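> Give the three-dimensional model of this entry:
(2 chains)
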2 protein chains.
Amino acid sequence: MTAELISVGTELLLGNIVNTNAAYLSKKLAEIGVSVYYQTTVGDNKKRLKEAISLALSRSDVIILSGGLGPTADDLTKETAAEVLGRKLYLDERTMEQIREYFARIHRENVTENNWKQAMIPESAIILENHNGTAPGIIMEENKKSLILLPGPPNELEPMFEESVLPYLQKNEKKVLYSRMVKICGIGESNAETMVKDLMEQQVNPTIAPYAKTGEVHFRVTAMADNKEAGKKLVLPVVEELKERFGAGVYTTKEQVTLEQKLVKMLKKLKFTMVTAESCTGGMIAARMINVPGVSEVFHAGLVTYENRAKKEILGVSKKTLKKYGAVSRETAEEMVIGAAERCEADVAVSVTGIAGPDGGTKEKPVGLVYIGCYVCGEVEVYECHFTGTREKIRENTVVTSLNLIRLKLLEYM
Amino acid sequence: MTAELISVGTELLLGNIVNTNAAYLSKKLAEIGVSVYYQTTVGDNKKRLKEAISLALSRSDVIILSGGLGPTADDLTKETAAEVLGRKLYLDERTMEQIREYFARIHRENVTENNWKQAMIPESAIILENHNGTAPGIIMEENKKSLILLPGPPNELEPMFEESVLPYLQKNEKKVLYSRMVKICGIGESNAETMVKDLMEQQVNPTIAPYAKTGEVHFRVTAMADNKEAGKKLVLPVVEELKERFGAGVYTTKEQVTLEQKLVKMLKKLKFTMVTAESCTGGMIAARMINVPGVSEVFHAGLVTYENRAKKEILGVSKKTLKKYGAVSRETAEEMVIGAAERCEADVAVSVTGIAGPDGGTKEKPVGLVYIGCYVCGEVEVYECHFTGTREKIRENTVVTSLNLIRLKLLEYM
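Numbers count the residues shown, from 1 in each chain, chains lettered A, B, ... in the order given. The predicted structure is shown next:
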């Protein structure tokens, strides 16, 4: 089955927004084995939209359109798609009711006249309920092809895709896809790929696909099988092999689990509290930690000491150390992490001091040099890291590496 | 002049990366008055790429292809585009030399055989130098149409576009575009648009286009004129009118200046130092401040007190206040901001405590309730804010609002 995406919206052609819907839909379709051959973006223009739909119908099995289902006169996707297929629109009572209910739920009382435009449905279409807005999704089938219309806002499109479109696309599919994610931290992308190159080349079912993220590499292992159990049997041995090869580098094999979630889970299990002392990352590690709901149980405080005086006064780094070794040094990182742990009476602490650039680098201390101090129950270790890239990239890499170093230390206590 | 974009890369069709190049190029083209009617994405597939190029040549004046200029056998953009136009490739000595120089600069000694593929150039093409990689850009002209080939990585594509493609596209353009940005904070998007609706509808040259960002609204005022001076004369009165209408809400009229940069500039001018005390934003305000190079002069420290004990011990919030009013309260925000300012001996402090959700809300204190405390030279004010949206959105809005409240306070001291 081949699919093609058409994104509708002048704001995309003006570059005012980035087309994340195309990436989302493509990824989801790839996961169920549907090949996307084209993504097209057109504006809110009837003629060009009509041409795009006709061209897509001539070459793809499934065409997913997103955007242009709103209540204004600019929104033409539904009307144009119906016209291409020669279908009339009718006012659907059930959809009207749902729009009314939706407005009641968000405490908006007056449904304006143009909202009823959204209850106009093409003949013999499948209607997809929208729980997060007023535009229903629509599926029209014609000559074994499917034209699927989805609302543009990602918070409406994504749940509708998961709830209605995925089951629709998979209803005739006798095979199922089963996949697991192996998430690795602390090993560079090309290194990681080299370590499993033989597996990636051998494997046909399951397949192994790498995804790189800053400081992390994720491998998705996917099998096509008759049922979930059979899929699992194909996937799990490969997951085990990857775990064997990457060892402690693997922090999870669950799709939804992030590095900070894993760390928080470990801290909770150990009943440890953690504190951060950040210089060049200026609060980014703390902000990452509190992404995890319920983190307050183990993460009480973060200290951002961007300037030398703050390092002295808040963390108790000695004047002598700062003078002799400088703010970016192994010694300062060590005193920062001990100071943070002691002052906050925490079991675990991480400190960061480095040169994120673009300025401030010297021959001895180049841009990208970062010292990361790790403190766990009185034991301290300081790591010297060299990162490359932009200021942003260096800081992001520092955040991920810090979280991972603490994770590795905690493994010894589990 | 109409343009069309073709992005080449299977990784886009798999949804592994988001197509930011299309948004970047569209925005840049819109700024010089070039209309983009289509964006198409195809994979590394000769047949489909060929069809996409032929279709684009039949309907647009300028076609910009990005991606697929790498050294591997997968990279087919140049070869395919040359084939469509019936041009042969030759090995270009000058380009070879540049590739050699590039490798020397990044201390990579061995140029591998397949790198010379990147020095193969179609006949009678314009070569665009790549200062950030090895793939040169290429322009081929045919029947008054231009086919422009750019490398896929944004850090290569963007500088090449600015340095070479923009001047190329504007060379026959006798008119120039002059634009200014009016950046506003603290006024909602629809409110802001209503306040200047009459202007936006009246204006033809210059035009006024709004861009919404979390917590901010930017208006771009753009005029087409014979020269820069004439453009300025058209634009500046409209900028003045916007400043008049939005008053202190306008924080800058410069494209590059961010809210945090503006704030840092004001602090430097006043010789004030600032400290942050964050709960629900957990370090995000501090991280935003240190985005500004040279901020250490005015921003010394940030305190993240996510848990009650930390609020007590680090900021000196009283046990009684926490017990009587709760962590999310006007009283706690006040004690947090005073504690932070006094303990760090800062002139300015901001504190944040709120419920970012998704859980933790009650009828009295719903998700989205945030108290922001502002301290300037001993004077304290606490603001009660109600934000909507996801945890992420609520936190981002809190960050922007905090920075803006401090900016507004500082205006009184300027």
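> Mind telling me which residue of the stretch 101-250 of chain A is nearest chain B?
For the stretch 101-250 of chain A, the residue closest to chain B is residue A:211, as judged by CB to the nearest CB, at 6.2 Å. For the C-beta atoms, the positions are set from N, CA and C on the backbone; glycine is no exception.
> Show residues contacting whatever helix or strand that residue lives in.
Here residue A:211 sits within strand A:207-213, counting by DSSP states H and E. Contacts with strand A:207-213, where a contact means CB atoms under 8 Å, 6 or more residues apart in numbering or on different chains, come from A:189, A:192-193, A:196, A:199-200, A:217-223, A:238, A:242, B:16.
> mind running it again at 10 Å?
Applying CB atoms under 10 Å, 6 or more residues apart in numbering or on different chains, the contact partners of strand A:207-213 are A:27, A:30-31, A:179, A:181-185, A:188-190, A:192-193, A:196-197, A:199-203, A:217-224, A:238-239, A:241-242, A:259, A:396, A:400, B:11, B:14, B:16-17.
> which residues sit in contact with the residue lying closest to residue A:123 once chain neighbours are set aside?
Closest residue to residue A:123 apart from its sequence neighbours, by CB to CB, 6 or more residues apart in numbering or on different chains: residue A:87 at 4.7 Å. Contact analysis of residue A:87 by CB under 10 Å, 6+ apart lists A:81, A:121, A:122, A:123, A:124, A:125, A:140, A:142.
> which sections of the stretch 101-250 of chain A are below the confidence cut-off?
Low-confidence segments of the stretch 101-250 of chain A, defined by pLDDT under 70: A:106-110.
> Show me what from it comes close to chain B.
Within the stretch 101-250 of chain A, the positions adjacent to chain B are A:155, A:209, A:210, A:211, A:212 by CB under 10 Å from any CB of the partner chain.
> Phi and psi next, for residue A:328.
phi -100, psi 90 (degrees, to the nearest 10).
> Against residue A:275, how distant is it?
According to CB to CB, to the nearest Å, residue A:328 stands 21 Å off from residue A:275.
> who's more crowded, the two?
Neighbour comparison, residue A:328 and residue A:275: the larger count goes to residue A:275, with 29 against 20 (by other CB atoms under 10 Å in any protein chain shown).
> what element comes up after the strand or helix carrying the more buried one heading to the C-terminus?
Assigned by DSSP H and E, residue A:275 belongs to strand A:274-278. For strand A:274-278, the following helix or strand on the C-terminal side (DSSP H and E) is helix A:284-289.
> what is the rounded mean pLDDT of that following helix?
Averaged across helix A:284-289, pLDDT comes to 96.
> Can you name the next helix or strand after it?
Next along from helix A:284-289, by DSSP H and E: strand A:299-305.
> need the contact list for the residue of the stretch 151-300 of chain A found nearest chain B.
For the stretch 151-300 of chain A and chain B, the shortest gap (CB to the nearest CB) falls at residue A:283, measuring 2.8 Å. Residue A:283 makes contacts with A:276, A:302-304, A:306, B:276, B:278, B:281-290, B:302-304, as judged by CB under 10 Å, 6+ apart.
> The lengthiest helix in chain A - contacts with which helices or strands?
Using DSSP state H to define each element, chain A has its longest helix at helix A:391-411. If you count contacts as 3 or more CB pairs under 10 Å, 6 or more residues apart in numbering or on different chains; DSSP states H and E, helix A:391-411 packs onto strand A:176-185, strand A:250-252, helix A:259-270, strand A:274-278, helix A:284-289, strand A:348-354, strand A:369-376, strand A:379-386.
> Figure out how far the shortest one is from the centre of its chain.
Centroid separation for strand A:250-252 versus its chain: 17 Å, with CA atoms, centre = their mean, to the nearest Å.
> for the fifth one, same thing?
Shown here is helix A:284-289, whose average C-alpha point lies 16 Å from the average C-alpha point of the whole chain (CA atoms, centre = their mean).
> Counting by contacts, list what that helix packs against.
By 3+ CB pairs under 10 Å, 6+ apart, helix A:284-289 packs against helix A:259-270, strand A:274-278, strand A:299-305, strand A:348-354, helix A:391-411, helix B:284-289, strand B:299-305.
> mind redoing it with 8 Å?
Other elements packing on helix A:284-289 under the criterion 3 or more CB pairs under 8 Å, 6 or more residues apart in numbering or on different chains; DSSP states H and E are helix A:259-270, strand A:274-278, strand A:299-305, helix A:391-411, helix B:284-289.
> ok, now the shortest one?
In terms of contacts (3+ CB pairs under 8 Å, 6+ apart), strand A:250-252 is packed against strand A:176-185, helix A:259-270.
> and the two most separated of the residues of the stretch 101-250 of chain A next to chain B?
Spanning the widest gap among those are A:155 and A:210, at 29.1 Å by CB to CB.
> Neighbour count: these two, which is higher?
A count of neighbours by other CB under 10 Å puts residue A:210 above the other of residue A:155 and residue A:210, at 17 against 12.
> and the more buried one, how far is that from residue B:112?
Taking CB to CB as the measure, residue A:210 falls 22 Å from residue B:112.
> swap in residue A:280?
Distance from residue A:280 to residue B:112, by CB to CB: 36 Å.
> Tell me which of the two has more neighbours.
Each of residue A:280 and residue B:112 has its neighbours counted (other CB under 10 Å); residue A:280 has more, 23 against 10.
> Good, wrapping up.
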